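[1] Give me coordinates for this.
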Amino acid sequence: MAKIMVVDDETIMRELVTDTLEMSGHECLSFADPQLALEAFKSSSPDLIVSDFKMPGMTGMELLQEVQKINPGQPFIIMTAFGTIEIAVEAIKNGAENFIEKPFQPEILEHLVASVLEHQRIKAENKSLRQQLKGQN
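    Have a look, this model is predicted:
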């Protein structure tokens, strides 16, 4: 279905997220180091990035900001065990599609990912239709 980059320094959480998404039919690229994920992002063009918020070296918010500089509008979901309204608002302001608080049920993640991917599909379809309409005028 979609190519999803999973970034989390915690092995258990990274594997849980990756396994959940792969069982839903997605291809996953998994990274423990956000800096390595950023480098891979430059050449991999994932459909979605799912990243932890609190990681050593670079936070998920910093990763989001760097990714948005390279590809504005890149679909991105922030995960955190330290969820606050302020973090959620900041993530959305910085371009995240959504925010999920740990721990979460796999079904919640699956639904959220499906929702973000559907939103992106509709945006792409809308853009394509607008271009077609412009070509007719």
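[2] what number of residues lie near Q74?
    21 (other Cβ atoms under 10 Å). C-beta: built from backbone N, CA, C; applies to glycine.
[3] can you offset everything so residue one is 46?
    Noted, 46 is the first residue going forward, which turns the last one into Q119.
[4] name the element it belongs to?
    Taking DSSP states H and E as the definition, Q119 sits outside all helices and strands.
[5] Quick one: neighbours of L109, just the number.
    23.
[6] pretty sure it is touching A136, no?
    Yes: assessed by Cβ atoms under 8 Å, L109 is found in contact with A136 at 6.8 Å.
[7] hey, what's in contact with both of those two?
    The contact sets of L109 and A136 overlap at I123 (Cβ atoms under 8 Å, 6 or more residues apart in numbering).
[8] name the helices or strands packed onto the lowest-mean-pLDDT helix or strand in the chain?
    The least trusted helix or strand in the chain, going by mean pLDDT, DSSP states H and E, turns out to be helix 130-138, with a mean of 89. With contacts defined as 3 or more Cβ pairs under 8 Å, 6 or more residues apart in numbering; DSSP states H and E, helix 130-138 has these neighbours: helix 105-115, strand 121-125, strand 143-146.
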